[in-house]
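Engineer: Below are the sequence and a predicted model; questions follow.
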Amino acid sequence: MDDRARLGRTGEKESERFLRRLGHKIVCRNYKCPAGEIDLVSLDGKTIVFTEVKTRSDREHADPQDAVNPFKRRHLIASAKCFIQQTRSQNRAYRFDILALTANAKGGLDIEHFKGAFSCG
């Protein structure tokens with residue numbers, strides 16, 4: 001596994017811990033369907049939360065959340081629709097969050113949480 005993949009894996013694990021500390025129940029990791037993949041699916045109370053995790057070693061070129069561009073958002077929305085249909089959750093509230101993680105000087109990760117970062121509309 002290269003450094004970038006290792007950083008991404010570490011970011012996903014830290015994101016899961018972060019969401020658990022917020023009270024989320026993790027439902028699924030790396031949900032895959034023909035439309036794409038969702039890093040984390042959790043429940044925040046009764047709301048289904050589809051979370052995209054972006055981890056970067058620095059912010060020199062761009063902020064991590066900037067990678068969730070319109071193209072990526074369309075794939076996340078399509079994947080969420082697959083999840084909702086597959087789990088028969090059409091009557092549940094849901095939202096899309098982004099967790100942007102950046103390595104810090106202490107060797108840890110700083111986390112920025114963009115709750116309700118975008119919608120289907």
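Structural biologist: Structure received.

Engineer: Below-threshold pLDDT in the chain: ranges please.
Structural biologist: By pLDDT under 70, the low-scoring segments of the chain are 1-2, 58-64, 121.

Engineer: Tell me which stretches of it form strands.
Structural biologist: For the chain, the strands defined by DSSP state E cover 25-33, 36-44, 47-56, 94-103, 109-118.

Engineer: closest to residue 19 out of these?
Structural biologist: For residue 19, the closest of the strands of the chain is strand 36-44, at 5.4 Å, according to Cβ to Cβ. C-beta here means a position set from N, CA and C on the backbone, and glycine is covered the same way.

Engineer: What residues of that closest one count as buried?
Structural biologist: 36, 38-44 (16 or more other Cβ atoms under 10 Å).

Engineer: ok, longest helix in the chain?
Structural biologist: The helix that spans the most residues within the chain, counting by DSSP state H, is helix 3-21.

Engineer: which of the residues in it are buried?
Structural biologist: Those would be 7-8, 11-12, 14-16, 18-19, for helix 3-21 by 16+ other Cβ under 10 Å.
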